[in-house]
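Build me a model:
(one chain, ligands or ions: 1)
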Amino acid sequence: MGAGLDVARVRGLFPALADGFVHADGPAGSLVPESVAHAVGAAMRMPVAPRGGVFPASGRTEALVSGARTAVADLVGGVPAGVVLGPNMTTLTWTFARALARTWRAGDEIVLSRLDHDANIRPWLHLAEEAGVEVRWAEVDIETGELPSWQYDELLTRRTRLVALTAASNAIGTCPDVRAITARAHEVGALTFIDAAHAAPHLFLDQGELGADFLALSAYKWCGPHVGAISAHPQLLAQLQPDKLVPAPDRVPDRFEWGESAVELYAGIPAAVDHLADLCGTGDGARRDRLRLSMAAVAQYEGELFARLTAGLRSMPHVQVLGSPVRSTPTVSFTVPRMRPRQVAADLARHGVCAWDGDYYARELFDAIGVNDSGGAVRLGLLHYNTTEEVDRLLDAVAALDRPALSRPR
Ligand SMILES: Cc1ncc(COP(=O)(O)O)c(C=O)c1O
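This is a model prediction of the structure:
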């Protein structure tokens, strides 16, 4: 299964898989290959110093930062001079929301979606309220889990300043038609802020094709360290004035980065992007070209595993799968009537399965679906290091939820 991707070889790259668990918690954060751990450790062992000095240790840090920017640019088809790095996607989104809100006027409008993680909702809501900007919502079809793009014809007006949208739902996997939506947004002169945190380990990203003026990422979702990034055109960044300290550099992209950076973690970013680019074992050619090939193989492999997983789940009468989106990452949520999601996750953990429960910050979506009052749902998410055997173990563990526990005869 999965031409081009040798999963046994890939699993050998991940020391953490030795714990024997089925790691179906990838949407919350992936495991890390040895190459990434090594790169981070090596950066901590070499002499580094803050950027801007005239001695070699400072130059090494400069190289780590520029290596990380280049790797992120390769991952998304952006340019290194437009890559802002920071502690995580949420923090960076708040920074950008504040900077963008400075350009808004009372009576302007922004469009948010209920499919999104709260990190691409709450900062915009908060700043829209402060600026007297109207918020319009794209709704999810709660039966299918789709975010219909036709509704943007109604939502977008000449007053729309921003469309914030996810490239893939971290809760139910839905991949909305980002390209169609951003094209419409650009027709009315709005900017687009696309959250690719969940999409990045599953899809080959092309920022230009997606029409993403800002593309937000989180490296720990794609086998990297806990670092966030936002990619944009440097000329667009140059038009924004974020909050910053007076002596801190005013050039782009540095002006969006606060204080000293976690450069030892930045060292892990090229290693993580190389990991994705070399998943098919092809070490030749430009990294972006290798990514195109390997992410196609990842999508095919994950798609086959996911079809097996969802077919199994849907065949179980005691399981209710949330939505059935046509285009999806290998991520699914379900509920089990009469069991709290936390209880389900605890039972799965006893069967050696790592599964997340709750709303995973997809608060608006789960409020709309109506599952939050009963504790949300349970999520299973696959990555390129999962196997067919693991999918079968997942299905066995979910099937066992329906079997009453044995009790000792009195
Ligand atoms: C789709 C999506 N967006 C944003 C985030 C937030 O990322 P970070 O933890 O880097 O702030 C997450 C994390 O779960 C996510 O899944």
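
immediately after the lengthiest helix in the chain, which helix or strand?
The longest helix of the chain (DSSP state H) is helix 287-314. Per DSSP states H and E, the first helix or strand lying C-terminal to helix 287-314 is strand 320-321.

Return the distance of stretch 289-306 from the chain's centre.
With Cα atoms, centre = their mean, to the nearest Å as the basis, stretch 289-306 stands 16 Å off its chain's centre.

by how many degrees do the one helix or strand Asp392 maps to and helix 287-314 diverge?
According to DSSP H and E, Asp392 maps onto helix 388-400. Counting by axes from the mean of the first three to the mean of the last three Cα atoms, to 10 degrees, helix 388-400 lies at 30 degrees to helix 287-314.

which other residues reach helix 388-400?
The contact list for helix 388-400 (Cβ atoms under 8 Å, 6 or more residues apart in numbering) reads 1, 22, 24, 305, 308-309, 312-313, 316, 319, 334, 347-348, 351-353, 380, 382. Glycine gets a C-beta too; all of them are placed from N, C-alpha and C.

and if we set it to 10 Å?
By Cβ atoms under 10 Å, 6 or more residues apart in numbering, the residues outside helix 388-400 that reach it are 1-2, 7, 11, 17, 21-24, 304-313, 315-316, 318-319, 330, 334, 336, 344, 347-353, 355, 378, 380, 382, 386-387.

ok, the residue nearest the centre of the chain - contacts?
The chain has Ala197 as the residue nearest its centroid, 1.8 Å off, counting by Cα atoms, centre = their mean. Residues in contact with Ala197 (Cβ under 10 Å, 6+ apart) are 27, 88-90, 93, 117, 119-120, 166-168, 170, 215-222, 228-229.

which among the residues you listed end up buried?
By neighbour count, with 16 or more other Cβ atoms under 10 Å, the contacts of Ala197 hold 27, 88-90, 93, 117, 119-120, 166-168, 170, 215-222, 228-229 as buried.

The residues you listed also near the ligand: which ones?
Pro27, Asn88, Met89, Thr90, His117, Ala119, Thr166, Asn170, Ser218, Gly228 (Cβ under 6 Å from any ligand atom).

how about those in JSON lines, adding distance to Ala71, secondary structure and pLDDT?
Shown next, in JSON lines, are these (distance: Cβ to Cβ, whole Å; DSSP: H, G, I helix; E, B strand; the rest coil; pLDDT from 0 to 100):
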{"residue": "Pro27", "distance to Ala71": "22", "secondary structure": "helix", "pLDDT": "98"}
{"residue": "Asn88", "distance to Ala71": "17", "secondary structure": "coil", "pLDDT": "98"}
{"residue": "Met89", "distance to Ala71": "16", "secondary structure": "helix", "pLDDT": "98"}
{"residue": "Thr90", "distance to Ala71": "21", "secondary structure": "helix", "pLDDT": "98"}
{"residue": "His117", "distance to Ala71": "23", "secondary structure": "coil", "pLDDT": "98"}
{"residue": "Ala119", "distance to Ala71": "22", "secondary structure": "helix", "pLDDT": "98"}
{"residue": "Thr166", "distance to Ala71": "23", "secondary structure": "strand", "pLDDT": "98"}
{"residue": "Asn170", "distance to Ala71": "23", "secondary structure": "coil", "pLDDT": "98"}
{"residue": "Ser218", "distance to Ala71": "14", "secondary structure": "strand", "pLDDT": "98"}
{"residue": "Gly228", "distance to Ala71": "14", "secondary structure": "strand", "pLDDT": "98"}
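
Right, I'll call it a day here.
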